[in-house]
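K.L.:
Requesting a structural model of the entry that follows:
(one chain, ligands or ions: 1)
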Amino acid sequence: MKILILQGSPTNGHTKALCASFIESLADCHEVKQVDVAKKNIHGCLGCDMCKQTPNVCVQQDDMIGLLQKISGAECLVFASPIYFAGITSQLKAVLDRCHCLEKDRMQNKKTVLLFTSGSVDETVIAPALAMFDKLQEHFHWTMLGLVHGPGVHRASDVLNVSVLAKAQALGQSL
Ligand SMILES: Cc1cc2nc3c(=O)[nH]c(=O)nc-3n(C[C@H](O)[C@H](O)[C@H](O)COP(=O)(O)O)c2cc1C
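P.N.:
The predicted structure is shown next:
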């Protein structure tokens, strides 16, 4: 399966570590790519709708050009993000918004995985982000393969619970 990991944290911290646990357990048969979207030059959608005249083409000439190809070709999209102000990072949200230019069939029927980290230990902290992905899944007929949330990692020196990392590994193995 072609798996594309859209890693939304601007740091090399807990979210990236969670991705690493997930990736290390994936079978060799998968084709895996990870893009650290916050390290890319990706602007927000301008809402100009020029892409409705020329589908799959965005007027903005930034790093989203290459990423649109990868997203179109992926069978499984992994969305990885720390919780920022009750949602996903603005960098990852910008990637989603920019998918507006893709024809629906390029976004439809994907498998998805969600990997979240948060400072809060409260499991409900991911509820708004989950609600957003629930809506997208309904709209694009995505199939959610799994969700891992690593709570309680506010500082860089905090450590993700081993059971969280094990859950990410088990999810990777199950694919
Ligand atoms: C700008 C900002 C906003 C944050 N907002 C929240 C929040 O709303 N809820 C929460 O639980 N943690 C929040 N956090 C903490 C991060 O979710 C947490 O530290 C996460 O593990 C950071 O991921 P990283 O190590 O991959 O950078 C916030 C952190 C930052 C920098």
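K.L.:
Just the CA trace of the lowest-mean-pLDDT helix or strand in the chain, in CSV.
P.N.:
Least confident helix or strand of the chain, by mean pLDDT, DSSP states H and E, is helix 104-107 with a mean of 95. Extracted C-alpha coordinates of helix 104-107, given in CSV (Å, rounded to 0.1, in the frame of the first residue of the first chain):
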residue,chain,number,x,y,z
LYS,A,104,-12.8,14.8,-5.6
ASP,A,105,-11.8,11.4,-7.0
ARG,A,106,-8.2,12.1,-6.1
MET,A,107,-9.2,12.5,-2.5
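K.L.:
And it, what does it pack against?
P.N.:
Packing contacts for helix 104-107, counted by 3 or more C-beta pairs under 8 Å, 6 or more residues apart in numbering; DSSP states H and E, involve helix 64-73. C-betas here are computed from N, CA, C, even on glycine.
K.L.:
starting at the chain centroid, how far to the helix it packs on?
P.N.:
Centre-to-centre, helix 64-73 and its host chain are 13 Å apart (C-alpha atoms, centre = their mean, to the nearest Å).
K.L.:
Quick check: next helix or strand after it?
P.N.:
As assigned by DSSP states H and E, the chain's next helix or strand after helix 64-73 is strand 76-82.
K.L.:
What is whichever helix or strand comes after that next one packed up against?
P.N.:
Next along the chain after strand 76-82, taking DSSP H and E as the criterion, comes helix 90-98. On a contact count with 3+ C-beta pairs under 8 Å, 6+ apart, helix 90-98 meets helix 64-73.
K.L.:
Next, the angle from the helix it packs on to strand 76-82.
P.N.:
Taking axes from the mean of the first three to the mean of the last three C-alpha atoms, to 10 degrees, one finds that helix 64-73 is oriented at 130 degrees with respect to strand 76-82.
K.L.:
contacts for helix 64-73?
P.N.:
2, 4, 6, 33, 35, 37, 40, 42-43, 56, 58, 77, 95, 98-99, 101-102, 106-107 (C-beta atoms under 8 Å, 6 or more residues apart in numbering).
K.L.:
List only buried entries from those.
P.N.:
By the neighbour-count criterion of 16 or more other C-beta atoms under 10 Å, the contacts of helix 64-73 include these buried positions: 4, 6, 35, 37, 42, 58, 77, 95, 98-99, 101-102, 106-107.
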